[in-house]
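[1] Got a predicted structure plus its sequence, pasted below:
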Amino acid sequence: MEKENRKSAGKRYGRVVILGRPNTGKSTLLNSLMNQKVSITSPLPQTTRKNIEAVYSDSRGEIVFVDTPGLMVNIQDLVGKRVNLEATKSVGKADVVVMIVDISREKNEEENKVIGLVRKSKAKKVLVYNKIDKAVGSKDHTAEYNYLEEEFDKTIGISALQGKHVAGLVKIIFDLLPKKRKPAEAKTGAGEGKKELAIKMGSKEYIEEIIREKAYLFLREEVPYSIKVRVDKIVDKQKLLLVKGAIITTADRYKKMIIGKGGRKIKEIGYNARKELELMSGRKIFLELMVEVDKHWPEAMI
Ligand SMILES: Nc1nc2c(ncn2[C@@H]2O[C@H](COP(=O)(O)OP(=O)(O)OP(=O)(O)O)[C@@H](O)[C@H]2O)c(=O)[nH]1
Ligand SMILES: [Mg+2]
């Protein structure tokens, strides 16, 4: 214990909450920081539905990063309303708040909602201009976001997708964190599984997320908002991992779209989810995926 304390003296520890409107690249940044897929991503808004934590550690210390769902305005649906509350829940405990803006897109009122939340926090603040790889010429909207800079301790431009300047962002964050001894509750986030995942999520939940990501990828825009994924069984059969689950949707017409002609769509979703899970786990996986209708699932969500 003594030895452990001496070893960790001078290191920095803290909680960093990543905020922004949908699609700015919060989850892409978390994955880039962790060098592995922790949080699912897609071009659709509010792909992230729950706060996702991952523990980053190196010789400088340990950071718990929290990826949050993008904040939206004027939400009508039940799922969106619940999802919109998530980010607010995590801000109170932050040592550093990172606000990400997508400089390849025009600023809109969603940014005001995000900055409103940032202002409530007493944490140190970093403004991140993301998608510098895409924001060229007329697509560069950086000037619209410049007025925000005075509210932040630091500003940096990055490409979360290409990992550009992500290391610079980590340095900025470590510099803003107080020098502390390791708090007792800061556990390492390594989960189960062969290739250890630095996420605080059980493997069942993780598999559900990967399947949901593939569904987002292959379904028409409206359908993803009607779905959730449920993994019922994970059976280790030594030679392979048997996973049984279902995509649950709210209407028969969506079920038809998810299954697709001759079952093509669901096969495509299942195939891609299986491939990625096999890569991550180094195991052979048999994925049995059903489609169910439950029009009330959004009411019981979370
Ligand atoms: N060109 C480019 N695309 C990016 C970058 N970062 C993220 N993207 C893309 O932007 C889209 C949204 O990324 P996400 O990481 O899912 O965004 P998010 O902020 O987590 O979105 P929500 O979870 O919906 O709030 C995806 O298609 C990403 O590939 C970047 O640095 N450059
Ligand atoms: Mg996300």
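    Cool, got the structure. Ligands and ions are numbered 1, 2, ... in the order given.

[2] For ligand 1, see how far away residue 298 is.
    17 Å (CB to the nearest ligand atom, to the nearest Å). (C-beta placed from N, C-alpha, C; glycine too.)

[3] so what's that residue up against?
    77, 78, 79, 250 (CB atoms under 8 Å, 6 or more residues apart in numbering).

[4] If we use 7 Å, what do you get?
    By CB atoms under 7 Å, 6 or more residues apart in numbering, the contact set of residue 298 is 78, 79, 250.

[5] got it, and residue 164?
    Contacts of residue 164 (CB under 7 Å, 6+ apart): 132, 133, 158.

[6] so does stretch 149-169 get close to ligand 1?
    Yes - Stretch 149-169 lies within reach of ligand 1 by CB under 6 Å from any ligand atom, at 159, 160, 161.

[7] I'd guess residue 229 is in a strand, am I close?
    Yes - per DSSP: H, G, I helix; E, B strand; the rest coil, residue 229 lies within a strand segment.

[8] Got the domain ranges for this structure?
    2-176, 203-300 (automatic domain parsing).

[9] Tabulate these in TSV, adding columns for mean pLDDT.
    Shown next, in TSV, are those (pLDDT from 0 to 100):
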stretch	mean pLDDT
domain 2-176	94
domain 203-300	94
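
[10] tally of neighbours for residue 65?
    27 (other CB atoms under 10 Å).

[11] Surely it forms part of a helix?
    No - assignment of residue 65 by three-state DSSP gives strand, placing it outside any helix.

[12] From ligand 1, how far out is it?
    12 Å.

[13] Go ahead and confirm that residue touches residue 32.
    No - using CB atoms under 7 Å, residue 65 is not in contact with residue 32, being 10.7 Å away.

[14] Between the domains of the chain, which one is closest to ligand 2.
    For those, the distance to ligand 2 is smallest for domain 2-176, at 3.1 Å, taking CB to the ion.

[15] Strands of the stretch 151-300 of the chain, start to end?
    Remark: strands assigned in the stretch 151-300 of the chain by DSSP state E, counting those that start in this stretch are 154-157, 228-236, 241-249, 285-293.

[16] ditto for the stretch 1-150 of the chain
    Under DSSP E, counting those that start in this stretch, the stretch 1-150 of the chain gives strands at 12-19, 52-58, 61-67, 96-102, 124-130.

[17] What about residue 211, how many residues nearby?
    Quick note: residue 211 (other CB under 10 Å) scores 28 neighbours.

[18] got the contact list for it?
    229, 245, 269, 273.

[19] Residue 233 now?
    residue 244.
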